[in-house]
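**Q** quick check, what structure comes out for this input:
(one chain, ligands or ions: 1)
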Amino acid sequence: MNAPHVAWPAITTPAAHFIGNRWQASASGAEWPMVDPSDGAPFATIARGGDADVDAAVRAARSARDGVWGALAPAERGRLLGTWSRAILDRAEELALIEARDCGKPLQQARVDVAACARYFEFYGGAGDKLHGATIPYPEGFAVLTWREPHGVTGHVIPWNYPLQIFGRSVGAALAAGNACVVKPAEDACLSLLRLCELAAAVGLPAGALNVVTGLGPEAGAALVRHPDVAHISFTGSPATGAWVAAAAAQRHCPVTLELGGKSPQIVFADADIEAGLPAWVNAIVQNAGQTCSAGSRLLVEQSRYEEVLERLGQRFAALVAGPALADLDCGPLIRDSQRQRVRGFLDAARRDGIATAAQGSVVADAPAGGFYVAPTLLRDVPADHTLMRDEVFGPVLSALPFADEADAIRLANATDFGLVAGVWTRDGARQLRMARAVRSGQVFVNNYGAGGGVELPFGGVGHSGHGREKGFEALYGFTTLKTVVLRHG
Ligand code: NAD
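**A** A predicted model of the protein is given here:
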C-alpha cells in the first residue's frame, strides 16, 4: 500500500516543552500519546503541560521581550525569520513526512503545507520593518504621531488540521511585529511544530522568543488563555472553544483574534464555466479530508444546470479514494475516531431524513483496519435548514441544493451563522461584484477557490466564523497596539 521508497522519519524531539530554547519535561511528569490516524496506533509521546509549564514559558517569553529579542531592530528580526524559512525548506521532506503521519494527510498535501509555512516566515520576515505609523494634522504648535507597538507576550492556540500553516501565519506575524510567543499546539497533531522549534534555535532565534507548551486544551490551553502576562490571544479552532476563550480572556480584558469554523458556499450560476469549476469544487471539500475551516461544504447551483452539475460532479466523487497518508490518495483518514463518529452522525442524519446520496467514493481496500476513514460523499437536495446545510461537518461531505435566481442564491448563501469564505462562479462581471458585496463572508473568490493559499490575503470570518484577521499585512496590525503621541512644541 505505502510507497516502498518512503519511510516515516524517527521522531527525534523529546516528550518535552520548548521553553527558552531548551527542552523541559512537564512539571507534573505527565505525558500524552500521539496516534497515527492512518492506522489508529500510537507512535510517539508528547509532554502534557499544565499551569506551571505555561507559567515558565510565559516568563521566558517576557524576559526575551524585555531583553535580547525586544532589543533587536525590526530588520534583524526579519532576517532571522527569513533564515528560519530557508531552514524549513531545507528540511521540507522530513517535515512533510512528520506532518503527514501526525495529521493523517496525504503526503503531497503535507508538502504543500511545509512550503506555505516557509512562505509565511519569508513574507513576515520581509514585512516587519515596514510597519509604519502616521503623522496626524493637529492645531498649530503640536506634532502628532502614531506608533505600532508589539503587545508583549502573545499566546497562540493552534488546531490539528494544519499545524504548520497555522503556526506559520500566527507566529510568523507575531514575531515579525516584535512579540515573544507562547504556543499551545493541538494534542492530536503537533510534532512538526516541535521540529520547527529546533530549527528556530539552530538559526539563532534568541531564547524565549518562541516557546511551545504541548498538552490538552482544558489544561495547558486554558492556562495560557488565563495567564495574566499574556497580552494577546490568537485562537484557531472550534466556535464552542473560541467562545470559551473569548469569555476567559475578557475577564482580564485581553484582546483575542478568533479564527473559527465555516460552512462555505460554492455558488454556481448557469453561465459559469462548469469544466473549470469541477476540480475546484472537489478539491475544496476533499482537501485534508474536509477538515478545513474554509472547506467549500455547500454547493448551490442555479436550477437550470443543477442536474448536469450533479451528474458530472458525481462522476468525480465516485472515483475518489480515501487511504493512508503515505498512499497519497485523494483523501486521508480523519484525525481521530471521535471525529469520524461525528461525520458518520451527519451521514446517519441524512439517511434518516431521506436525503439522497448523489455519489460516493471509496476507502482503498487494504487500508489499515484501525484507521479513521470516511468515503467522500456528495448529497443532493439538502434542505437549507437541515443540519447538513447549517453546521460544520468537518469531513469530506458536500451538500448540494438548487437555487432559482440571484436573490435566492444570496438568501441561501447567507443562511448559516458562519461567514468565512465563499466561491462565486459566473461569467457576468456585474453579477460578480453584486455577489461579492451581498455574500456575508470574510473572503470571496470569483471563478476560483483558494482559501488555503495566499499568504498575502487577509483571512478571517464574520459571525460564528470569528473576528480579527490573520494572514497578509493585516495580521501585523492585529499583533500590535497603536500608540498616539501628542507633542506640544510651542
Ligand atoms: P478545538 O477548539 O477543540 O481545539 C483547537 C485548539 O484549542 C486545540 O489546540 C485545543 O487543544 C485547544 N483547546 C481546547 N479547549 C481549550 C480551552 N478550554 N482553552 C484553550 N484551548 C483549548 O477544535 P477542534 O475540534 O480540535 O478543531 C476543529 C475546529 O477548528 C473546526 O471547527 C474548524 O473549523 C476550526 N478551525 C478553524 C480554522 C480557521 O482558520 N478559521 C482553522 C482550523 C480549524
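
**Q** Gly78 belongs to a helix?
**A** Yes: the assignment for Gly78 is a helix, going by DSSP: H, G, I helix; E, B strand; the rest coil.

**Q** measure it to Trp32 for me?
**A** 35 Å (Cβ to Cβ, to the nearest Å). (Glycine included, C-beta is placed from N, CA and C.)

**Q** with Asp39 instead?
**A** For Asp39, the distance to Trp32 under the criterion Cβ to Cβ works out to 19 Å.

**Q** ok, these two, which is more surrounded?
**A** Neighbours were tallied for Asp39 and for Trp32 using other Cβ atoms under 10 Å; the higher tally belongs to Trp32 (21 against 18).

**Q** per-residue pLDDT, the closest residue to the more buried one other than its chain neighbours?
**A** With sequence-adjacent residues excluded and distances taken as Cβ to Cβ, 6 or more residues apart in numbering, Trp32 is closest to Arg48, at 4.4 Å. If you check Arg48, the pLDDT there is 98.

**Q** next: Val225.
**A** You'll see Val225 listed with a pLDDT of 98.

**Q** where does this protein have low pLDDT?
**A** Regions of the chain meeting the criterion pLDDT under 70 cover residues 1-5, 451-452.

**Q** domains in it, by residue range?
**A** Using automatic domain parsing, the domain ranges for the chain come out as 17-260, 265-454.

**Q** right, and those - which one's nearest Ala10?
**A** Between Ala10 and the domains of the chain, the tightest spacing by Cβ to Cβ is seen for domain 17-260, at 9.6 Å.

**Q** the closest one: end-to-end distance?
**A** Domain 17-260 stretches 26 Å from its first residue to its last (Cα to Cα, to the nearest Å).

**Q** with the ligand in mind, check whether that domain reaches it.
**A** Yes: counting by Cβ under 6 Å from any ligand atom, the ligand has neighbours in domain 17-260: 157-161, 166, 184, 186-187, 216-218, 221-222, 225, 236-238, 241, 244-245, 259-260.

**Q** give me the buried entries from these.
**A** With neighbours counted using 16 or more other Cβ atoms under 10 Å, the residues of domain 17-260 next to the ligand contain these buried positions: 157-161, 166, 184, 186-187, 216-217, 221-222, 225, 236-238, 241, 244-245, 259-260.

**Q** check contacts around the residue most central in space within the chain.
**A** Computing the C-alpha centroid of the chain and ranking residues by Cα atoms, centre = their mean puts Ile166 first, at 4.6 Å. For Ile166, the residues meeting the contact criterion (Cβ atoms under 8 Å, 6 or more residues apart in numbering) are Ile158, Pro159, Thr236, Glu259.

**Q** now render those residues as a markdown table, adding secondary structure.
**A** Formatted as a markdown table, the entries for those read as follows, by three-state DSSP:
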| residue | secondary structure |
| --- | --- |
| Ile158 | coil |
| Pro159 | coil |
| Thr236 | strand |
| Glu259 | strand |
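
**Q** could I get stretch 366-379 in PDB with only the CA atoms?
**A** In PDB, the C-alpha atoms belonging to stretch 366-379 read as follows (Å, rounded to 0.1, in the frame of the first residue of the first chain):
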ATOM      1  CA  ASP A 366      -6.200  -2.600   2.000                       C
ATOM      2  CA  ALA A 367      -6.500   0.500   4.300                       C
ATOM      3  CA  PRO A 368      -5.400  -0.500   7.800                       C
ATOM      4  CA  ALA A 369      -8.500  -1.600   9.800                       C
ATOM      5  CA  GLY A 370      -7.600   0.800  12.700                       C
ATOM      6  CA  GLY A 371      -7.500   4.000  10.500                       C
ATOM      7  CA  PHE A 372     -10.300   6.600  10.700                       C
ATOM      8  CA  TYR A 373     -11.500   6.600   7.200                       C
ATOM      9  CA  VAL A 374     -14.700   8.100   5.700                       C
ATOM     10  CA  ALA A 375     -15.600   7.800   2.000                       C
ATOM     11  CA  PRO A 376     -16.100  11.200   0.200                       C
ATOM     12  CA  THR A 377     -19.800  11.700  -0.200                       C
ATOM     13  CA  LEU A 378     -22.000  14.100  -2.400                       C
ATOM     14  CA  LEU A 379     -25.500  14.600  -1.000                       C
END
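
**Q** need the contact list for Ala246.
**A** Phe235, Val256, Leu258.

**Q** helix or strand: which one has it?
**A** Secondary structure assignment for Ala246, by DSSP states H and E: helix 239-250.

**Q** returning to that earlier point: most surrounded residue in the contacts of Ala246?
**A** The most crowded member of the contacts of Ala246, judged by other Cβ under 10 Å, is Phe235 (28 neighbours).

**Q** you'd agree that residue is up against Glu259?
**A** Yes: Phe235 lies in contact with Glu259 (Cβ atoms under 8 Å); the separation is 7.0 Å.

**Q** now stretch 201-216: buried residues?
**A** 201, 203, 205-216.

**Q** could you do stretch 87-97 as well?
**A** Buried residues in stretch 87-97 (16+ other Cβ under 10 Å): Ala87, Ile88, Arg91, Leu95, Ala96, Leu97.

**Q** same thing with stretch 430-446?
**A** By neighbour count with 16+ other Cβ under 10 Å, stretch 430-446 contains the buried residues Arg431, Gln432, Met435, Ala438, Val439, Arg440, Ser441, Gly442, Gln443, Val444, Phe445, Val446.

**Q** what about the second one, which helix or strand?
**A** Using DSSP H and E, Gln432 maps to helix 429-438.

**Q** which secondary structure elements does that helix contact?
**A** Using 3 or more Cβ pairs under 8 Å, 6 or more residues apart in numbering; DSSP states H and E as the contact definition, the elements that helix 429-438 packs against are helix 406-413, strand 421-425, strand 443-446.

**Q** I'd like the ones you listed as CSV, with distance to Asp353 appended.
**A** Shown next, in CSV, are the helices and strands packed on helix 429-438 (distance: least, Cβ to Cβ, whole Å):
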stretch, distance to Asp353
helix 406-413, 18
strand 421-425, 26
strand 443-446, 31
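
**Q** hey, which of these is tucked in deepest?
**A** strand 421-425 (a mean of 29; mean count of other Cβ atoms under 10 Å).

**Q** tell me what angle that one forms with helix 429-438.
**A** The directions of strand 421-425 and helix 429-438 differ by 160 degrees, with axes from the mean of the first three to the mean of the last three Cα atoms, to 10 degrees as the criterion.

**Q** so does strand 421-425 get close to the ligand?
**A** No: Strand 421-425 does not reach the ligand (Cβ under 6 Å from any ligand atom); its nearest approach is 9.3 Å.

**Q** neighbouring strands for that strand, and are they parallel or not?
**A** With DSSP bridges as the criterion, the sheet partners recorded for strand 421-425 are strand 264-268 (parallel), strand 443-446 (parallel).

**Q** which among the ones you listed is found nearest to Glu392?
**A** Of all these, strand 264-268 sits nearest to Glu392, with 9.7 Å by Cβ to Cβ.
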